[in-house]
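Participant: next one to model:
(chains A and B)
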There are 2 protein chains.
Amino acid sequence: MPLTKTPLLAETVRKLVSRGAAASAHRILSKLHPADVAQVLVDLPGAYRLKTFRVVYQRDLALAAAAVGEMGVERAGTLLERLEPGAISSLLQELDPDDAAGFLSALPEEIREQVLRGMRAREASDVEDLLQYPEQTAGRIMNPKVFSITEDTTIGEAIRLLQASPDVEMVFYLYVVDRHETLVGVLSLRQLLQRRPDVAVSEVMVTDVLRVRTDMDQEEVAQLVASYNILAVPVVSHQGKLVGVVTVDDVIDVIKEEATEDMYRMAGLGTAESVFTAAPRSIRMRIPWLTLNLATAFLASWVVSLFEASIARFAILAVFMPMVPLLGGNAGNQTLTVMVRGIALGELSWKNSRKALLKELSVGAANGLLIGLLIAAFAWLWKGDPRIGLALALAMCGTMIVAAVVGTLMPLTLRWLKVDPALASSVFVTTATDVAGFLLFLGIGVQALTLL
Amino acid sequence: MPLTKTPLLAETVRKLVSRGAAASAHRILSKLHPADVAQVLVDLPGAYRLKTFRVVYQRDLALAAAAVGEMGVERAGTLLERLEPGAISSLLQELDPDDAAGFLSALPEEIREQVLRGMRAREASDVEDLLQYPEQTAGRIMNPKVFSITEDTTIGEAIRLLQASPDVEMVFYLYVVDRHETLVGVLSLRQLLQRRPDVAVSEVMVTDVLRVRTDMDQEEVAQLVASYNILAVPVVSHQGKLVGVVTVDDVIDVIKEEATEDMYRMAGLGTAESVFTAAPRSIRMRIPWLTLNLATAFLASWVVSLFEASIARFAILAVFMPMVPLLGGNAGNQTLTVMVRGIALGELSWKNSRKALLKELSVGAANGLLIGLLIAAFAWLWKGDPRIGLALALAMCGTMIVAAVVGTLMPLTLRWLKVDPALASSVFVTTATDVAGFLLFLGIGVQALTLL
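Facilitator: Numbers count the residues shown, from 1 in each chain, chains lettered A, B, ... in the order given. Down below sits the predicted model:
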């Protein structure tokens, strides 16, 4: 398995490059799949990454470009930024326009224009066309190089046309257009093989073609391709003209990207961050979230401060105080995760949300009761005071119910407001469970200790 | 967009079924893609789901089976369990063996045997073969119906063979085997079109075939297919015999499943849970995690109890006590999420983990300092006591550093121990940040308040 061997390869390549044996380093890399070259580059220590990349770039532009394509925007970003704009231009024009557009839009604004001007006119205009579509839409991720034939083409001609276009990489379907370039039919590669050469494609094509519009959200495109088990979906303009194709490999990237995005948003991370994002950038990206959490932490402290006098009297309240918000937060996070993932996988909508809420309410109440009883028993055994146990049990039940309601409704509401439900994230849920947890436990605890 | 219309369709179908107009309901459903039939079934209220499914099942077995296939194991599980074993058998034998194996292994043990015996002998034995491979391996998810030809076949014969096997659904590549069924080459559908019919496939095939062994983990298979941008990968036995193929649509399912698994594990959820898992089952599945958290919550309470006497003297400590663990937990969760995702996407290994740790340490220290200063200023302004601010700032720095170390090393260690890194999850990280947060803040706070 080549992929798992890359750390060893990276070490060999590093030694060769450090000894100045560039030709030998290139010989090793040239035998690899571009995806493996990309992995070797990622595995190399920072100082050698650029050097090694230059070794490949100077000897084999196509391989260097393919490796950049495989690294993806985030991982290749720091590498590209250290190259001259001319070198970036020559790399990007080797890539498919959709990939080139992705890299270009991630470059610092000041060199973007320069890189575009340095590219061959045709490639530059393809990329510029794509950049006119908003990010994360079908138009932005599609490949405008789509193989299409006209209605009156025969099967035999279609095969010859296909043989004559080696640069159209992944052809799975032949799209048929009329003279206005409107998409009118589709034919699989396999159907080509099963018909006589003199039949017109219009006689065998399927006319009910599944298609997406340029402005469809990339996540919806991915869900469509995944649930219909198709390899590519044609993209049409508002007028129905065939303008591109989104293939299954792009869809895989979107699915990974969206999963990362959901996980990141729930933890309050910027989507652009990865393991090796430079520290100063990570610091800047994480601070806003921590500041937001700081505000909610102050809210929690303020709730506690309402009970300061009582705590001075019954310090035992402070000892048990962290438990209810902590467990309530965990339970809320469980509900939230199920909901966010359910929305992402298309299982949860407003329509069936009442059912989801009722379910989470009963789960929350039951778990609150069970955990509440456990916690009460422990507290009683530890401190010998049943009143603290009672307060813990009641507060636990109440907080778990709050966790269920907020954990269910928050992502659904955000979805309804057309905001990413994953932004609901822990912060809102833990704010609710913290406030409810401290308020209920301290409120009930003070009453129990003074009255009972 | 058919998919987004399914809630409306579900309502129409529900009305027809409740009125007994089964034929009309079937007419509507029969015009849909099986994926949409599946979505309609999911959208239907529980009472109508089984009824509607029977309507389809009685009139169009193939469509019913395809819809079950599209629903996937988790969503179709409750539906299948309510059918007679005979009906399950007749549905499963319509599916690809890999899908049938997935459904079968999710059925209650007591009816599994009965369902297998009810299937046609050939299909049953295909499924039994697959079930011998461990879950989540290439062998378990592969389709054993793989299209292969022998070395001496000509291009013309290969095309005829392909035309004669309409039941091999997604053929992208033609695998070439020798007389021992050992995989020796591959040929794309497109290469077939570009050669003369009398050429032997052995002359044009690529002999360096990327392949996986039956025991490879499904996540690795998915990473391979995704990073090499291929549509299918052949699966071979330990002896090199071609035994099946994993196609890109299976890979998409694996990628989604693994992303769900990571998100779920980090939140302490069982992978089998989804939005509409029955409440009693959800309660049972979530309780162990909450109990584990209960133990860590007691640990936190115990740490606080060490300072009970001091809190009785300085109740203000209790007011600010929740802030440090709360923010430390958030920061730890950010680090953890980046690491877990980095491991899942293949960006982070032991090899480069020192770099990751150093980066997280500097991010933690910097953010700890910044948030610590902010928190100190606020506390000073609010309560007019700089000593609390000092304790908050120092404790914040220390806790953020703990968060960075634990958040980085925990998932890496689990990975090294060959345990899923996502199991590291919040629980270990928040335990560490809670203990560190309370200990540091209360420890420093008591010193500051008594000495300064």
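
Participant: how many residues are close by residue A:28?
Facilitator: 14 (other Cβ atoms under 10 Å in any protein chain shown). (C-beta placed from N, C-alpha, C; glycine too.)

Participant: element containing it?
Facilitator: helix A:22-30 (DSSP states H and E).

Participant: what of residue A:184?
Facilitator: strand A:183-188.

Participant: what about the helix holding residue A:28, distance to the chain center?
Facilitator: Computed by Cα atoms, centre = their mean, to the nearest Å, the separation of helix A:22-30 from the middle of its chain amounts to 34 Å.

Participant: averaging pLDDT per element, find the lowest-scoring helix or strand in chain A.
Facilitator: helix A:189-193 (a mean of 77; mean pLDDT, DSSP states H and E).

Participant: is it true that residue A:245 lies in a strand?
Facilitator: Yes - Residue A:245: assigned to a strand according to DSSP: H, G, I helix; E, B strand; the rest coil.

Participant: contacts only, for it.
Facilitator: Counting by Cβ atoms under 8 Å, 6 or more residues apart in numbering or on different chains, residue A:245 makes contact with A:142, A:143, A:146, A:175, A:232, A:233, A:234, A:235.

Participant: pick the one among these closest to chain B.
Facilitator: Nearest to chain B out of these is residue A:232 (Cβ to the nearest Cβ; 10.5 Å).

Participant: tell me what the closest one is bridged to.
Facilitator: Counting by DSSP bridges, residue A:232 forms beta bridges with residue A:247.

Participant: next, the contact list for it, please.
Facilitator: Contacts for residue A:232 were tallied using Cβ under 8 Å, 6+ apart; they are A:170, A:172, A:173, A:225, A:245, A:246, A:247, A:248.

Participant: now render the residues you listed as JSON lines, adding pLDDT.
Facilitator: Rendered in JSON lines, the data for those read as follows (pLDDT from 0 to 100):
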{"residue": "A:170", "pLDDT": "60"}
{"residue": "A:172", "pLDDT": "77"}
{"residue": "A:173", "pLDDT": "86"}
{"residue": "A:225", "pLDDT": "90"}
{"residue": "A:245", "pLDDT": "93"}
{"residue": "A:246", "pLDDT": "93"}
{"residue": "A:247", "pLDDT": "90"}
{"residue": "A:248", "pLDDT": "90"}
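
Participant: ok, so of those residues, who is nearest residue A:354?
Facilitator: Using Cβ to Cβ, residue A:225 is the member of those that lies nearest residue A:354, at 30.7 Å.

Participant: got the phi and psi for the residue lying closest to residue A:213 once chain neighbours are set aside?
Facilitator: The shortest distance from residue A:213 to any non-neighbouring residue, by Cβ to Cβ, 6 or more residues apart in numbering or on different chains, is to residue A:236 (6.1 Å). Dihedral angles of residue A:236 (phi, psi; degrees, to the nearest 10) stand at phi -120, psi 150.

Participant: for the helix holding residue A:28, output the C-alpha coordinates as CSV.
Facilitator: Output of helix A:22-30 as CSV, limited to C-alpha atoms (Å, rounded to 0.1, in the frame of the first residue of the first chain):
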residue,chain,number,x,y,z
ALA,A,22,17.8,16.4,-6.6
ALA,A,23,17.8,14.1,-9.7
SER,A,24,17.6,11.0,-7.4
ALA,A,25,14.9,12.6,-5.3
HIS,A,26,12.9,13.3,-8.5
ARG,A,27,13.4,9.8,-9.8
ILE,A,28,11.8,8.4,-6.7
LEU,A,29,8.9,10.9,-6.7
SER,A,30,8.2,10.5,-10.4
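
Participant: identify all contacting residues around it.
Facilitator: A:9, A:12-13, A:16-17, A:37, A:40, A:52, A:55-56, A:59-60, A:63.

Participant: in helices, which of those appear?
Facilitator: Among the contacts of helix A:22-30, the ones falling in helices (DSSP state H) are A:9, A:12, A:13, A:16, A:17, A:37, A:40, A:52, A:55, A:56, A:59, A:63.

Participant: which residues does the second one contact?
Facilitator: Looking back up the chat, that one is residue A:12. Counted by Cβ under 8 Å, 6+ apart, residue A:12 has contacts residue A:28.

Participant: what residues does the stretch 101-250 of chain A put near chain B?
Facilitator: A:159, A:162-163, A:170-171, A:189-190, A:192-194, A:216, A:220, A:223-224, A:226-229, A:231, A:248-249 (Cβ under 8 Å from any Cβ of the partner chain).

Participant: can you select the buried ones among those for me in ChimeraX?
Facilitator: Buried residues within those, by 16 or more other Cβ atoms under 10 Å in any protein chain shown, are selected in ChimeraX with:
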select /A:159,162,170,171,189,190,192,193,216,220,223,224,226,227,228,229,231,248,249
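
Participant: thinking again about what came up before, pull out the buried residues from the helix holding residue A:28.
Facilitator: A:22, A:24, A:25, A:26, A:29.

Participant: can you check stretch A:340-360 too?
Facilitator: Those would be A:340-349, A:352-353, A:356-357, A:359-360, for stretch A:340-360 by 16+ other Cβ under 10 Å.

Participant: quick check: of those residues, which lies closest to residue A:212?
Facilitator: residue A:346 (15.6 Å).

Participant: spell out the secondary structure type for the closest one.
Facilitator: Looking at residue A:346 with three-state DSSP, the answer is coil.

Participant: hang on, isn't it packed against residue A:222?
Facilitator: No - using Cβ atoms under 8 Å, residue A:346 is not in contact with residue A:222; the gap is 10.7 Å.

Participant: related to what we said a few turns ago, closest one to residue A:105 out of the contacts of residue A:232, please.
Facilitator: residue A:246 (17.4 Å).

Participant: residue A:235 is in contact with the closest one, correct?
Facilitator: Yes - counting by Cβ under 8 Å, residue A:235 is a contact partner of residue A:246 at 6.1 Å.
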